[in-house]
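**Q** structure, please.
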Amino acid sequence: MDERFTPEHDAFRRTVRQFVEKELAPHALEWDQAGEFPRDVFRRCGELGFFGISHDPAYGGSGLDYWYVAAFAEELARARNGGVAMSLLVQGQMATPVINELGTDEQKREFLAPALTGERIAALAMSEPDAGSDLARLRTTARKDGDDYVIQGAKTWISNGARADFLVLAVRTGGEGAPGISLVTLPTDVKGFSVSKKLQKVGHRSSDMAILYFEDCRIPARYVLGRENDGFFHIMNSFHAERLVTALYTVAVMDDLLREAIRYGRERQAFGKRLLDFQVWRHTFVDHATRVEAARQLTYQAVQLFNRKRKQKPVKEIAMAKLLTTELAQRVAYDCQQFYGGMGYVEESHVARAWRDVRMLTIGGGTSEVMKEIIAGTMAL
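**A** Predicted coordinates for the structure are as follows:
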């Protein structure tokens with residue numbers, strides 16, 4: 001392992017690996033075919049402390065550095081189920097960090113603490129039908145009415161959305177553009193909230209992604225996270241974390257694909273010799289291994305900078321890591337699937353499921369095109 005991982009990090013990694021290989025991986029195909037996985041998985045991860053890795057110990061977190069998060073994200077790739085992995089990462093590394101950073105003591109006790117134990121499922125509700133990556137255009141409104149806010153609108157592409165117990169929700173409380181956006185927590189049992197549709201996705205089939213509607217949903221003003229009209233900056237910060245953990249997970253998925261393909265190539269024969277005896281495949285895997293290692297080091301550099309907890313996040317490095325890893329994963333998954341031949345095109349093969357699962361990674365958390373625009377901005381282009 002990289003020297004930036006200490007013996008303590010490695011011990012934590014072994015705990016995660018044991019859990020993933022024993023309790024998640026054996027059910028990968030079953031849960032994909034079912035289109036969901038048991039709620040008890042959330043409780044089990046909470047019990048093991050996987051949701052509170054870097055969160056406040058006062059509310060059930062461990063307060064550890066981001067290298068522990070990196071180890072967790074990397075080991076999740078061994079589950080060989082992108083939907084499960086992404087749902088768990090949303091819970092611990094995308095939805096709850098905003099409450100950990102901005103929440104009052106009351107908000108943390110009501111929402112953060114039960115989310116870290118896995119008793120309550122969280123979702124991050126940002127994207128809308130007409131405002132995906134361009135969140136400054138969001139239309140869901142929160143109108144002040146006495147000591148309450150009344151919420152009206154819709155969200156889409158929301159991971160964990162169909163069975164979330166609460167949302168971290170972006171709403172418009174002010175005028176047009178970024179300055180009028182706020183963040184609130186919204187329990188999904190409030191009157192007027194509904195799950196319009198659970199989306200049938202190409203990949204990540206075991207996770208629930210939904211379209212949500214809000215029709216005069218009334219929540220107390222105390223559910224606002226941070227200051228009113230000051231949410232856009234915190235949304236952008238949450239995106240940086242989402243992109244970084246996605247890059248970490250993606251590198252590990254490519255590692256797993258290459259490792260298993262090479263094992264398969266040592267055993268499988270064609271035309272009287274092992275598949276790995278064909279130079280074209282040896283060179284293909286050498287090329288991919290080289291690029292994956294370069295992607296890993298770029299991602300680890302972003303982790304190193306992010307781990308310093310500076311107010312100014314390493315925006316360029318994170319966007320570069322997300323762009324490079326997720327685009328590279330498309331080619332790695334394609335070539336590994338081709339290498340398996342017919343076995344790479346059946347659901348029982350993890351390489352087939354990975355091939356369709358990695359497709360989402362260039363889209364979620366900001367598309368590759370958005371990453372390029374972010375990087376261009378940091379280069380004064």
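**Q** render the CA-only coordinates of stretch 54-73 in PDB, please.
**A** Extracted in PDB, the C-alpha atoms of stretch 54-73 (Å, rounded to 0.1, in the frame of the first residue of the first chain):
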ATOM      1  CA  SER A  54     -14.800  11.400   9.700                       C
ATOM      2  CA  HIS A  55     -17.800  12.700  11.600                       C
ATOM      3  CA  ASP A  56     -18.100  14.300  15.000                       C
ATOM      4  CA  PRO A  57     -17.500  11.800  17.900                       C
ATOM      5  CA  ALA A  58     -20.100  13.700  19.900                       C
ATOM      6  CA  TYR A  59     -22.800  12.300  17.600                       C
ATOM      7  CA  GLY A  60     -21.500   8.800  17.100                       C
ATOM      8  CA  GLY A  61     -18.700   9.500  14.600                       C
ATOM      9  CA  SER A  62     -15.000   8.600  14.900                       C
ATOM     10  CA  GLY A  63     -13.400  11.900  13.900                       C
ATOM     11  CA  LEU A  64     -10.800  10.100  11.800                       C
ATOM     12  CA  ASP A  65      -8.800  11.500   8.800                       C
ATOM     13  CA  TYR A  66      -9.800  11.200   5.200                       C
ATOM     14  CA  TRP A  67      -7.400   8.300   4.500                       C
ATOM     15  CA  TYR A  68      -9.800   6.100   6.500                       C
ATOM     16  CA  VAL A  69     -12.600   7.200   4.100                       C
ATOM     17  CA  ALA A  70     -10.300   6.300   1.200                       C
ATOM     18  CA  ALA A  71      -9.700   2.800   2.600                       C
ATOM     19  CA  PHE A  72     -13.500   2.300   3.000                       C
ATOM     20  CA  ALA A  73     -14.300   3.500  -0.500                       C
END
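**Q** mind checking how far that stretch is from the chain centre?
**A** Mean C-alpha position of stretch 54-73 versus that of the full chain (C-alpha atoms, centre = their mean, to the nearest Å) differs by 16 Å.
**Q** next one: stretch 191-206
**A** Taking mean C-alpha positions (C-alpha atoms, centre = their mean), stretch 191-206 and its chain are 17 Å apart.
**Q** how's this structure carved up into domains?
**A** 7-120, 123-225, 232-378 (automatic domain parsing).
**Q** in TSV, list these along with mean neighbour count and mean pLDDT.
**A** Any C-beta I mention is one placed from the backbone N, CA and C, and that applies to glycine too. Formatted as TSV, the domains of the chain follow (neighbours: other C-beta atoms under 10 Å; pLDDT from 0 to 100):
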stretch	mean neighbour count	mean pLDDT
domain 7-120	20	97
domain 123-225	19	94
domain 232-378	19	95
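**Q** and the helices in the stretch 51-200 of the chain?
**A** Per DSSP state H, counting those that start in this stretch, the stretch 51-200 of the chain carries helices over the ranges 66-76, 82-89, 96-102, 105-107, 113-116.
**Q** the strands in this protein, which residues?
**A** Applying DSSP state E to the chain gives strands spanning 122-125, 141-145, 148-159, 166-172, 181-187, 193-198, 209-220, 224-225, 269-270, 273-274.
**Q** residues touching Gly153, list them.
**A** Counting by C-beta atoms under 8 Å, 6 or more residues apart in numbering, Gly153 touches Glu128, Arg139, Thr140, Thr141, Val171, Tyr213, Phe214.
**Q** brain fart, Phe339
**A** Contact analysis of Phe339 by C-beta under 8 Å, 6+ apart lists Ala261, Tyr264, Gly265, Leu275, Trp281, Thr284.
**Q** now do it against Ser206, distance only.
**A** 25 Å (C-beta to C-beta, to the nearest Å).
**Q** now Leu76: closest residue in space that isn't a chain neighbour?
**A** Ala85 (4.2 Å; C-beta to C-beta, 6 or more residues apart in numbering).
**Q** please tell me how far that neighbour sits from Phe50.
**A** Distance from Ala85 to Phe50, by C-beta to C-beta: 12 Å.
**Q** tilt between the longest helix along the chain and helix 66-76?
**A** The helix that spans the most residues within the chain, counting by DSSP state H, is helix 232-267. Here the directions of helix 232-267 and helix 66-76 differ by 40 degrees (axes from the mean of the first three to the mean of the last three C-alpha atoms, to 10 degrees).
**Q** and helix 232-267, what does it pack onto?
**A** helix 66-76, helix 82-89, helix 96-102, strand 181-187, strand 273-274, helix 279-307, helix 315-340, helix 350-357 (3 or more C-beta pairs under 8 Å, 6 or more residues apart in numbering; DSSP states H and E).
**Q** helices or strands up against the last one?
**A** If I follow you right, that is helix 350-357. Applying 3+ C-beta pairs under 8 Å, 6+ apart, we find helix 350-357 packed against helix 28-34, helix 82-89, helix 232-267, helix 315-340.
**Q** pretty sure Ser182 contacts Ile235?
**A** No - at 9.9 Å, Ser182 and Ile235 do not qualify as touching, with contact defined as C-beta atoms under 8 Å.
**Q** which residues do those two both contact?
**A** Ala170.
**Q** next, format the contacts of Phe339 as TSV and append distance to Ala73.
**A** Formatted as TSV, the contacts of Phe339 follow (distance: C-beta to C-beta, whole Å):
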residue	distance to Ala73
Ala261	22
Tyr264	25
Gly265	27
Leu275	31
Trp281	29
Thr284	26
